[in-house]
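Student: got a predicted model here, sequence first, then my questions.
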Amino acid sequence: MITCLEFFSGIGGLHHALNVAGIDASVAKAFDMNEVANKVYQHTFGSAPSNKAIDRLTVKDIERYNADCWLLSPPCQPYTRGGKLQDSEDQRAKPLLHLITLLPKLSILPRYIFLENVKNFECSQSREALVNQLDSLDYYIQECLLSPTQFGIPNHRLRYYLIARRRDTPSDSEGYIERAIIHECWPFDGERIEFKTPSISAFLDLEETDAEQHLVPEKYLTKSNNFRFDITKPSGHQTSCFTKAYGSHHIQTSGSMLQTKNLEVSSYDWAHPESLLSLGLRYFTPTEVARLHAFPMPPWKNETTDTQEPSVNSITPRQYEAPHCTPHLKFPDDIKIIQKHRLLGNSLNCWVVAELYRCLMFID
Ligand SMILES: C[S@@+](CC[C@H](N)C(=O)[O-])C[C@H]1O[C@@H](n2cnc3c(N)ncnc32)[C@H](O)[C@@H]1O
């Protein structure tokens, strides 16, 4: 069994992905400073993450778990435009840089390292520091930029992933960074696979009567004069990336709105936003966003049921199938809808990570 440490654990997307992939692994300790995220994590997995700041962890704090694997999804703000692109100078980059400096001080290095971040991380100084450190410590590194849409899931979420495995014998080739390739196709090499993408309707949750509380408030729509935002229908096959601002008044870039009425209307008069009021526009519910992010959830009635051959040991890419492994993602009752959206917007797509674990990381 592989023993993992999960840094920046949030609601545990990287932990869930281990279960989705069917990897024989356990998470010995998770680390996160966000108390709301930690509450959800504990409610789901039954163990509380440490809330000690990651930039203050010592070698001793880490060595006590004898971990073979590090899972990391550090804050993305240092590498996004909204976060002013300060990269390594941004305080929020410090915990990752701290872990990079701690690594060579460990008496036993983890065999596997997995990192998830936003597009743009690939051109950052933080990524340069990370790959240079891993290269000097004899890790075999793979990097990619992939979106769930490439895996047959109707949601855009282009993310950077790094998969590193420690070599058994040191390599004589040096200078990984000069010959690095950031893969943008899935699978990386070999034949393209045509994954079938289910329609949005296969992820929906609500009976018409429950929809009221998820409707986009009229004032958000009427103030959106000439601003376009993404509207999708149940028959559609695409949604835009859900961010941590989803569910708030930031309707332009935070994720798709679902059209539930007058479904024959497909051309929108953005200059007269009151014309949008008849479309029954609502937010996707947190449950629906969690399904689109492929978190393990209980089965639901309209999910696609295209079951495939189980492939526990095979490392060939799989067609997406809604994961139902346990534990399911569960929110404590006192977590508000807006908090759930914030946590989900910060999280990741468990299916994409599970496929990278299965096909590229845990292959020996
Ligand atoms: C991008 S989110 C990770 C989300 C996670 N992968 C998930 O599935 O929910 C980054 C996380 O890092 C945590 N974080 C940021 N700085 C931290 C620090 N110095 N120490 C501990 N946690 C930190 C934040 O609270 C946030 O939950």
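Tutor: Received, thanks.
Student: ok, residue 162 - how many residues close by?
Tutor: By other C-beta atoms under 10 Å, 23 other residues sit near residue 162. Bear in mind the C-beta positions are built from the backbone N, C-alpha and C, glycine included.
Student: then the helix or strand where it lies to CSV, C-alphas only?
Tutor: Assigned by DSSP states H and E, residue 162 falls within strand 159-166. Extracted C-alpha coordinates of strand 159-166, given in CSV (Å, rounded to 0.1, in the frame of the first residue of the first chain):
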residue,chain,number,x,y,z
ARG,A,159,-5.0,22.7,-15.8
TYR,A,160,-1.3,22.0,-15.5
TYR,A,161,-0.3,18.6,-14.0
LEU,A,162,3.2,17.3,-13.1
ILE,A,163,3.8,13.6,-12.5
ALA,A,164,7.2,12.7,-11.0
ARG,A,165,8.6,9.2,-10.2
ARG,A,166,11.9,8.6,-8.5
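Student: now the helices: where do they sit in the stretch 151-300 of the chain?
Tutor: Ranges of helices within the stretch 151-300 of the chain are 176-179, 218-222, 286-292, based on DSSP state H, counting those that start in this stretch.
Student: what's the mean pLDDT across the longest one?
Tutor: Regarding helix 286-292, the rounded mean pLDDT is 97.
Student: ok, residues contacting it?
Tutor: With C-beta atoms under 8 Å, 6 or more residues apart in numbering as the test, helix 286-292 has contacts from 148, 153-155, 203-205, 239, 242, 246, 255, 284, 297, 300, 303, 322, 329, 331, 337, 340-341, 344-345.
Student: how about 6 Å then?
Tutor: With contacts defined as C-beta atoms under 6 Å, 6 or more residues apart in numbering, helix 286-292 is touched by 155, 203, 205, 242, 297, 329, 340, 341, 344.
Student: make sure the first one is actually in contact with residue 197.
Tutor: No - Residue 155 is not in contact with residue 197 according to C-beta atoms under 6 Å; the separation is 9.7 Å.
Student: so for those two, which residue has more residues nearby?
Tutor: residue 155 (26 against 20).
Student: quick one on the thing from earlier: ok, which of the helices of the stretch 151-300 of the chain comes nearest the ligand?
Tutor: Each of the helices of the stretch 151-300 of the chain was scored for nearness to the ligand using C-beta to the nearest ligand atom, and the closest is helix 286-292 (10.8 Å).
Student: quick one: name whatever helix or strand follows that closest one.
Tutor: helix 337-346.
Student: buried residues of that next one, list them for me.
Tutor: Within helix 337-346, the residues scored as buried using 16 or more other C-beta atoms under 10 Å are 339, 340, 341, 342, 343, 344, 345, 346.
Student: from the residues you listed, which are also near the ligand?
Tutor: residue 346 (C-beta under 6 Å from any ligand atom).
Student: returning to what we had before: for residue 116, which of the helices of the stretch 151-300 of the chain is the nearest?
Tutor: Using C-beta to C-beta as the measure, helix 286-292 is the one of these that comes nearest residue 116, at 16.6 Å.
Student: just the CA atoms of the closest one, as PDB, please.
Tutor: This file holds the C-alpha atoms of helix 286-292, laid out as PDB (Å, rounded to 0.1, in the frame of the first residue of the first chain):
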ATOM      1  CA  PRO A 286     -23.100  22.300  -5.900                       C
ATOM      2  CA  THR A 287     -24.100  18.600  -6.500                       C
ATOM      3  CA  GLU A 288     -24.100  19.100 -10.200                       C
ATOM      4  CA  VAL A 289     -20.700  20.900 -10.200                       C
ATOM      5  CA  ALA A 290     -19.300  18.100  -8.000                       C
ATOM      6  CA  ARG A 291     -20.600  15.600 -10.600                       C
ATOM      7  CA  LEU A 292     -19.000  17.500 -13.400                       C
END
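Student: so it, near the ligand or not?
Tutor: No - Helix 286-292 is not in contact with the ligand by C-beta under 6 Å from any ligand atom; minimum separation 10.8 Å.
Student: how is this structure carved up into domains?
Tutor: By the assignment in automatic domain parsing, the chain contains the domains 2-192+348-361, 206-284.
Student: least confident of those, on average?
Tutor: Of all these, the minimum mean pLDDT falls on domain 206-284 (a mean of 90).
Student: and stretch 235-254, how far apart are its ends?
Tutor: By C-alpha to C-alpha, to the nearest Å, the extent of stretch 235-254 from end to end equals 21 Å.
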